[in-house]
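*Asks:* Sequence first, predicted model second:
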Amino acid sequence: MRRKRNVKIVATLGPASETPEMIGALHHAGADVFRLNMSHGSHEEIRAKHGMIRQIEEETGSSIAILADLQGPKLRVGTFADESEELAEGADFRLDLDETPGDVNRVCLPHPEIFAVLEPGASLLVNDGKIRLKVRDCGKDFADCEVVTGGTISNRKGVNVPDVVLPLAALSEKDRADLEFVCDLGVDWLALSFVQRPEDVQEARELAGGRAAILSKIEKPSAVERFDDILAVSDGIMIARGDLGVELPVQAVPPIQKRLVRRCRAVGKPVIVATQMLESMIESPMPTRAEVSDVATAIYEGADAVMLSAESAAGSYPVEAVQTMDRVATEVEQDPTYRQIIESSRTEGLTSVADAIVAAAREIAETTDIAAICCFTQSGTTALLTARERPRVPIIALTPLRSTARRLALSWGCNCTVTSTVDRFKKAVVSAVRAAREEGFAGERDFVVVTAGVPFNVPGSTNILRVAPCDERLIFASDPE
């Protein structure tokens with residue numbers, strides 16, 4: 001299903017979007033990737049949604065990516081005798097390991113690992129940062145705090161600890177069970193929550209064993225500080241601005257977003273901008289102007305994908321939210337300023353033959369009358385490098401592997417086609433020309449650029465480029481062998 005835009009749309013499934021009809025409507029409206037939130041729903045419910053997506057894929061002939069988002073270690077306070085309390089600014093409040101229901105003076109925080117690393121002066125944020133506590137004194141089983149920002153605290157509200165790297169396993173027992181389940185099920189991407197260090201990513205990669213690509217969610221200050229190391233061991237990145245905006249000053253998030261998007265683009269790894277993009281559309285059929293500008297900003301920055309969370313999972317207008325995002329993306333990409341921004345922020349720094357080939361393909365396509373860049377890819381590397389160039393013409397990624405086509409559905413500009421295995425470059429050229437014509441990217445009199453690696457089916461071996469006519473008779477006339 002050809003889109004009129006390059007940026008991809010990720011839609012989260014939930015109570016508002018868990019029927020085949022609604023999932024199909026979301027895909028037709030513009031959703032390229034579906035996110036399964038492992039924080040909600042049983043394995044059987046996840047299996048059912050996975051099956052619905054694959055059925056839509058078969059019916060439409062599309063390559064649809066499925067992203068399973070692992071819950072990660074959740075830190076929460078215990079319960080209160082009266083279910084909630086009002087904390088006043090300046091008051092004293094204790095967190096401890098005592099499981100007795102809490103009151104206005106204390107509550108259980110059942111995470112001894114937090115107390116092990118806390119120091120006086122550290123901040124604790126409760127309920128998405130609505131309540132801020134500052135540690136005055138602490139020990140192995142308690143933290144005496146001052147209420148810096150008061151408010152209502154209630155049962156099992158989340159806790160953020162922005163000032164320290166917590167000695168927590170990146171994957172809880174639930175995450176490990178969920179990871180094994182979704183990898184066996186056949187998801188394409190695994191999103192890791194609350195990544196703090198590159199070792200967190202490596203642990204998940206070992207468990208996944210190549211069955212899914214690994215996407216690291218950046219939502220903690222420690223992840224921002226070690227971003228380059230985390231990026232190096234990740235297949236993709238999600239800038240999860242919700243928790244990031246809780247643990248850091250909100251004004252710090254926009255420049256961080258810009259820096260992280262550029263770093264991902266520089267190395268050719270897909271990056272998603274997520275959280276509260278069209279938040280008002282949970283209840284309204286129309287977004288705010290500020291939300292539209294937020295989506296547009298991520299697209300102008302060159303993000304591979306923008307994501308809907310509650311808007312498509314639990315909102316009253318899931319299809320309208322996807323349509324809105326699609327229209328914003330289409331409009332932005334038609335703006336001449338978009339091209340200027342994208343090309344001025346392109347990173348130079350070619351280090352390999354593959355880098356040179358894809359840069360040459362983009363240069364040829366933009367300086368001559370070329371309809372599309374067709375890249376044969378086994379692992380997806382050639383297509384990712386081509387997408388890194390952000391060319392002005394469509395990218396057609398041809399691969400014999402359905403799994404590669406699905407993973408590339410997350411990447412900027414990649415129109416994925418599953419093709420038969422080829423062993424000669426001329427066959428690859430013919431397949432590319434046929435795909436370009438059948439998908440409506442080129443006509444008989446057009447030309448395409450074809451890139452591939454010879455010998456075929458060797459990941460990362462991109463080393464050949466050809467400008468080919470879309471009239472097959474000319475291909476054979478120029479190359480009878």
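*Replies:* Perfect, thanks for sending it.

*Asks:* domains of the protein?
*Replies:* According to automatic domain parsing, the chain comprises the domains 8-72+170-337, 84-160, 353-478.

*Asks:* Nearest to residue 345 among these would be which one?
*Replies:* domain 8-72+170-337 (6.3 Å; C-beta to C-beta). Just so you know, the C-beta spots here come from the backbone N, C-alpha and C atoms, and that holds for glycine as well.

*Asks:* Now do the end-to-end distance for that closest one.
*Replies:* End-to-end distance for domain 8-72+170-337: 20 Å, by C-alpha to C-alpha, to the nearest Å.

*Asks:* any idea how far it is from the chain center?
*Replies:* 4 Å (C-alpha atoms, centre = their mean, to the nearest Å).

*Asks:* before we move on, the earlier item: JSON lines for the domains of the chain, including distance to residue 343, mean neighbour count and mean pLDDT?
*Replies:* Shown next, in JSON lines, are the domains of the chain (distance: least, C-beta to C-beta, whole Å; neighbours: other C-beta atoms under 10 Å; pLDDT from 0 to 100):
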{"stretch": "domain 8-72+170-337", "distance to residue 343": "10", "mean neighbour count": "20", "mean pLDDT": "96"}
{"stretch": "domain 84-160", "distance to residue 343": "38", "mean neighbour count": "17", "mean pLDDT": "95"}
{"stretch": "domain 353-478", "distance to residue 343": "7", "mean neighbour count": "20", "mean pLDDT": "91"}
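
*Asks:* Turn the ones you listed into CSV, columns for distance to residue 347.
*Replies:* Putting these into CSV (distance: least, C-beta to C-beta, whole Å) gives the following:
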stretch, distance to residue 347
domain 8-72+170-337, 4
domain 84-160, 33
domain 353-478, 8
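
*Asks:* Out of those, which gets nearest to residue 346?
*Replies:* Closest to residue 346 of the domains of the chain is domain 353-478 (C-beta to C-beta; 6.5 Å).

*Asks:* so who does residue 141 touch?
*Replies:* If you count contacts by C-beta atoms under 8 Å, 6 or more residues apart in numbering, residue 141 has them with 96-97, 112, 115.

*Asks:* Leaving out the residues flanking it, which one is nearest to residue 300?
*Replies:* residue 341 (5.3 Å; C-beta to C-beta, 6 or more residues apart in numbering).

*Asks:* is it fair to say the one you found lies in a helix?
*Replies:* Yes: assessed with DSSP: H, G, I helix; E, B strand; the rest coil, residue 341 lies in a helix.

*Asks:* per-residue confidence for it?
*Replies:* Turning to residue 341, the model gives it a pLDDT of 96.

*Asks:* Ends of stretch 304-312, what's the gap?
*Replies:* 19 Å.

*Asks:* how close does the closest residue in space to residue 315 that isn't next to it in sequence get to residue 475?
*Replies:* Spatially, and ignoring its direct neighbours in sequence, residue 315 is nearest to residue 282 (3.9 Å; C-beta to C-beta, 6+ apart). Noted for residue 282: a distance of 52 Å to residue 475, by C-beta to C-beta, to the nearest Å.

*Asks:* now swap in residue 371 and tell me
*Replies:* Distance from residue 371 to residue 475, by C-beta to C-beta: 15 Å.

*Asks:* What of residue 284?
*Replies:* Going from residue 284 to residue 475 by C-beta to C-beta gives 53 Å.

*Asks:* distance between the ends of stretch 63-71?
*Replies:* Terminal residues of stretch 63-71 lie 26 Å apart, using C-alpha to C-alpha.

*Asks:* again but with stretch 454-461, I slipped
*Replies:* 7 Å.

*Asks:* Give me the contacts around that stretch.
*Replies:* By C-beta under 8 Å, 6+ apart, the list of residues contacting stretch 454-461 reads 354, 376, 378-379, 381, 400, 421-425, 428, 453, 463-464.

*Asks:* Since that was my last question, I'll sign off now.
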